[in-house]
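# Output the structure for:
(3 chains)
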Amino acid sequence: MSVDLEHYLIVGAILFSIGLYLTVAKRNFVGVLMGIEMMFNAVNLTFIAFSRFAESDQPLAGHVFVVFVITVAAAEAATALALAVMVYRTRDTVNVDEIDLLKW
Amino acid sequence: MDDAGTIIAFYVLAGMTIGSALGVVVVRNLIHAVIALIGTFAGLAGLFVTLSADFIAITQILIYIGAISILFLFAIVLTPQSGRNNQETFLRFPALALSGLVLAVLVYVAVDTKWNVTEQDGFAETAGTIGELLLDKYVLPFEIASVLLLVAVLGSIVLVRPEPAEED
Amino acid sequence: MFLLKGEWYDLRDLGNTVGGLLDDLRDIGAPDWTIYVTSSLIGAVGILLWTVLSCLAFIWIERRVVALMQNRKGPNRVGPAGLLQPVADALKLLLKEAVTPRSADRVIFWAGPVLIFIPALVVFAVIPFAPKMTLADLNVGVLFLIAIAGINTPAVFLAGWASNNKYSMLGAMRTIAMLISYEIVQVLALLGPVLFVSSMRMGDVVAWQDHFNTWIFFIQPVGLLAFIIAGAVETNRSPMDISEAESEIVAGYHTEYGGIKFGFFYQAEYLAGFAIAASIVTLYMGGYTLWGLEDYVPAWLIFLGKLYTVFFVYIWTRGTLPRLRIDQLMAFAWKFLLPLMLINALVVGAEVLIWRENDIDATPALLAIGAVNLVFGAILVAGWARFLGHGTGKQRGQRAILTQEVGAVHFTPEPAP
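Presented below is the predicted three-dimensional model:
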């Protein structure tokens, strides 16, 4: 009864699929972004799990990759939420069903 | 990783993480959903600690709980008329099928593959080695990431700046 | 004296007592996880007891000291010389009715004080009270301080949000703006000690200061100043208590909280103040070492003495300085402290590089670094302040514009000296 790589990969897979469901099926734009952040987190967990368990000559490369993923996720969350606020200002809604026109 | 403490910690933290993630899907109030997301981040930080990734766990708390959650909360506060009831779109059942399919494939691959597992017992010290790698082998992505952050900050500020009033 | 070293009755380091207890447990044959849980429980309960008792004591001490500075007596009615004032305060807060507004979000309203109390307490886990008295000597201890202080930010927002009150929300937003600005300043100020010690472990920082017989205070004066200021902002103490002062925005994010919920906020502020003082003592002032005195006097007593001295400096600034406005605070952080700390990081990095590459002896290197940092820091602080327009005297002697306009006695602004 020990905790192996598969356990962490399964947790990561569950988080990824929940994030995917949030991204596709949420009505509020901020909800969609929460799903994207959850997918990023699932990917981070998978990277760290592999870095800990898998055989490699530089195991901490996984950690470096996770640092970059966190950086990109932060930048992307900031920009996407700024976009959400701007869309709200022009369209007065952040309901993804109603933001479906590219012009005016 | 087979001592009782790690096993109990893993199951408790994994339960907390997945429970909070399901909470994000299910709760009927968007602010409560963000709190559940914070719970997910915290559970993940705990899982990173069980994987002996102490620097990444602290970075996760610092950036995700300390900063990105605030971004989400501010975005919700600044969009008041929108639906705060965390409903799903008309695509909920196809989305459920899709995520179920993705989950099944990933779990099958995770369980069925014979991973090349190493015998090491956790890292002694990650922060120093990560620092060396960031400045030695991965210095180019490091510099590009800093430019990316600068661009993101400038872009966000320019996007939400109010229109400069015309003065005649 | 030295024969006592390491025995369980060697009270110079309470870790010896706990270690003796754990050895006894191990001899009986308890499993490993029992020993681990016991040691962490003892540490956690000890920290909790000490912080609560210190908080009670300092309620009285702070009010008397501030009163002395303001030329009045403090609380002197409740017990002999007012010594039972903390008991009276605690009883009042416990017995008051904690009203929950009807349209407030009940769960988050309940959770707000808890979420603010937790970071203030958890930070003590990485502080070394004595050579064997650190609850968890993490490899990333210095970063842990910042990360756990960062949990305050969503907690403050949720407390303000749950009150369902416009002014609480505004107060919470102002507090969060303050907190995140000074978090950046704090992290950059902490780069100084970490660069010198080249490790993020709190125990290593104390060992470095012991090894080189110096305090990082002497070689990083500007960094310490910035960290003290940022620490005062992070814990919402005067002169930066704009977010919780009763005359500002009706006490900000804890307007709607009464009774023991407000007691939690009040206690969390004291605890956070102790935590910041403990970090300053560990990182900049040598921790539990005092140039060899820790062989005779218990190390944790030295640590507590230094901590209370630093906390007294905070009480001193509270009694002396007026409150800063929110725009003054933000301008100070972004325009003054942040460039200063960036240049400080650059200078410290260059100094450490020169020291390591050329393999210079410790004492002349540290003296040179200290002198250079002090002079350079003084020039930088004065020069940058002058560049931003402070201290030139142009702002002094201005009379109120309204008085001039409305037609009162016409004053002319005093000419700049």
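# For burial, what's the neighbour tally of C:Glu97?
Using other C-beta atoms under 10 Å in any protein chain shown, C:Glu97 has 7 neighbouring residues. Quick note: C-beta positions are derived from backbone N, CA and C, even for glycine.
# Doesn't it lie inside a strand?
No. Using DSSP: H, G, I helix; E, B strand; the rest coil, the secondary structure at C:Glu97 is coil, not a strand.
# Now it: phi and psi?
phi -80, psi 130 (degrees, to the nearest 10).
# Tell me if I'm right that it and C:Ile260 touch.
No. Assessed by C-beta atoms under 8 Å, C:Glu97 is found out of contact with C:Ile260, at 10.0 Å.
# Below-threshold pLDDT in the stretch 251-400 of chain C: ranges please.
Per-residue confidence for the stretch 251-400 of chain C (pLDDT under 70) gives these ranges: C:251, C:391-400.
# Where does chain B get nearest to chain C, residue-wise?
Chain B approaches chain C most closely through B:Gly66 (3.0 Å), counting by C-beta to the nearest C-beta.
# Look up how far C:Leu179 lies from the closest residue to that residue other than its chain neighbours.
Leaving aside its sequence neighbours, B:Gly66 sits nearest to C:Gly150 (C-beta to C-beta, 6 or more residues apart in numbering or on different chains; 3.0 Å). Distance, C:Gly150 to C:Leu179, using C-beta to C-beta, to the nearest Å: 8 Å.
# Tell me which residue lies nearest the centroid of chain C.
C:Ile276 (2.0 Å; C-alpha atoms, centre = their mean).
# Buried residues, whichever strand or helix holds it. List them.
According to DSSP states H and E, C:Ile276 maps onto helix C:259-284. Across helix C:259-284, burial judged by 16 or more other C-beta atoms under 10 Å in any protein chain shown covers C:260-284.
# Check stretch A:70-87 too.
A:70-71, A:73-85, A:87.
# Among those residues, which lie within helices?
Those of the buried residues of stretch A:70-87 mapping onto helices are A:70-71, A:73-85, A:87, per DSSP state H.
# out of everything not next to it in sequence, what's closest to B:Leu103?
Counting by C-beta to C-beta, 6+ apart, the residue nearest B:Leu103 is A:Ser17, at 3.8 Å.
# Test my guess that that neighbour contacts B:Ser99.
Yes. Contact criterion C-beta under 8 Å: A:Ser17 and B:Ser99 qualify, at 4.1 Å.
# Quick one: residues contacting the residue nearest to B:Gly66.
C:Gly150 makes contact with B:61-62, B:65-67, C:183, according to C-beta atoms under 8 Å, 6 or more residues apart in numbering or on different chains.
# hang on, the earlier thing: burial of the residue of chain B closest to chain C, as a residue count?
B:Gly66 has 23 neighbours, counted by other C-beta under 10 Å.
# which SS class is it?
helix.
# Let me see the contact set for it.
C:147, C:150-151, C:153-154, C:183.
# measure it to chain A for me?
Look at B:Gly66 and chain A: by C-beta to the nearest C-beta, to the nearest Å, they are 11 Å apart.
# same question, C:Phe196
24 Å.
# from memory that residue sits against C:Trp208, does it?
Yes. Here C:Phe196 reaches C:Trp208: they are 6.8 Å apart, a contact under C-beta under 8 Å.
# Please say which of those two ends up with more neighbours.
Using other C-beta under 10 Å as the criterion, C:Phe196 and C:Trp208 rank with C:Phe196 on top: 22 against 19.
# list the helices and strands the host helix or strand of C:Arg386 packs on?
Per DSSP H and E: C:Arg386 is located in helix C:362-388. Packing contacts for helix C:362-388, counted by 3 or more C-beta pairs under 8 Å, 6 or more residues apart in numbering or on different chains; DSSP states H and E, involve helix C:216-219, helix C:221-234, helix C:338-358.
# Packed most tightly, which of those would that be?
With neighbours taken as mean count of other C-beta atoms under 10 Å in any protein chain shown, the helices and strands packed on helix C:362-388 reach their highest mean count in helix C:221-234, at a mean of 23.
# That one to helix C:259-284, inter-axis angle?
170 degrees (axes from the mean of the first three to the mean of the last three C-alpha atoms, to 10 degrees).
# Which stretches in chain B count as helices?
B:4-26, B:30-50, B:54-60, B:69-77, B:92-112, B:126-136, B:139-160.
# want to try CSV for those, with mean pLDDT and mean neighbour count as columns?
Listed next are those as CSV, based on pLDDT from 0 to 100; neighbours: other C-beta atoms under 10 Å in any protein chain shown:
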stretch, mean pLDDT, mean neighbour count
helix B:4-26, 93, 18
helix B:30-50, 94, 23
helix B:54-60, 94, 26
helix B:69-77, 92, 21
helix B:92-112, 94, 14
helix B:126-136, 91, 16
helix B:139-160, 93, 13
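# Ignoring the adjacent residues along the chain, who's closest to the one residue sitting closest to the centre of chain B?
The centroid of chain B falls nearest to B:Phe41 when counting by C-alpha atoms, centre = their mean (5.9 Å). Of all residues not flanking B:Phe41 in the chain, B:Tyr64 sits nearest, at 4.3 Å (C-beta to C-beta, 6+ apart).
# and what of C:Met202?
Nearest to C:Met202 is C:Gly141, by C-beta to C-beta, 6+ apart, at 4.0 Å.
# how much space between that neighbour and C:Pro193?
The value you get for C:Gly141 to C:Pro193, if C-beta to C-beta is used, is 11 Å.
# what does B:Leu37 give?
In terms of C-beta to C-beta, B:Leu37 sits 34 Å off from C:Pro193.
# Also C:Trp8?
33 Å.
# what's the helix or strand for C:Gln68?
Actually, residue C:68 is Leu rather than Gln. Assigned by DSSP H and E, C:Leu68 falls in helix C:32-69.
# List the buried residues in that helix.
So, applying 16+ other C-beta under 10 Å, buried residues of helix C:32-69: C:39, C:42-44, C:46-47, C:51, C:54-56, C:58-67.
# So which other helices or strands are in contact with that helix?
Helix C:32-69 packs on helix B:4-26, helix C:14-28, helix C:85-95, helix C:106-122, helix C:259-284, helix C:299-320, going by 3+ C-beta pairs under 8 Å, 6+ apart.
# pLDDT averaged over that helix - what is it?
The predicted model gives helix C:32-69 an average pLDDT of 90.
# from the chain's centre, how far out does that helix sit?
Helix C:32-69 has its C-alpha centroid displaced from the chain centroid by 15 Å (C-alpha atoms, centre = their mean, to the nearest Å).
# That helix vs helix B:4-26, what angle?
Using the same axes, to 10 degrees, helix C:32-69 lies at 70 degrees relative to helix B:4-26.
# which of the ones in helices among the buried residues of stretch A:70-87 are close to chain B?
A:70-71, A:73-79, A:81-85 (C-beta under 8 Å from any C-beta of the partner chain).
# Tell me the one of the residues you listed nearest C:Glu357?
A:Thr71 (30.1 Å; C-beta to C-beta).
# Test for you: state the pLDDT assigned to that closest one.
Listed pLDDT for A:Thr71 reads 95.
# mind listing what it touches?
Contacts of A:Thr71 (C-beta under 8 Å, 6+ apart): B:145, B:148-149.
# all helices of the stretch 101-250 of chain C, in order?
C:106-122, C:141-150, C:152-162, C:166-197, C:202-211, C:216-219, C:221-234 (DSSP state H, counting those that start in this stretch).
# For C:Met133, find the nearest of the ones you listed.
Closest among those, once you apply C-beta to C-beta, is helix C:202-211, at 10.4 Å.
# For that closest one, C-alpha coordinates in CSV please.
Extracted C-alpha coordinates of helix C:202-211, given in CSV (Å, rounded to 0.1, in the frame of the first residue of the first chain):
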residue,chain,number,x,y,z
MET,C,202,16.2,30.7,8.6
GLY,C,203,18.5,28.5,10.6
ASP,C,204,21.2,29.1,8.1
VAL,C,205,20.7,32.9,8.2
VAL,C,206,21.2,32.8,12.0
ALA,C,207,24.2,30.5,11.7
TRP,C,208,25.8,32.9,9.1
GLN,C,209,25.3,35.8,11.4
ASP,C,210,26.8,33.8,14.3
HIS,C,211,29.7,32.6,12.1
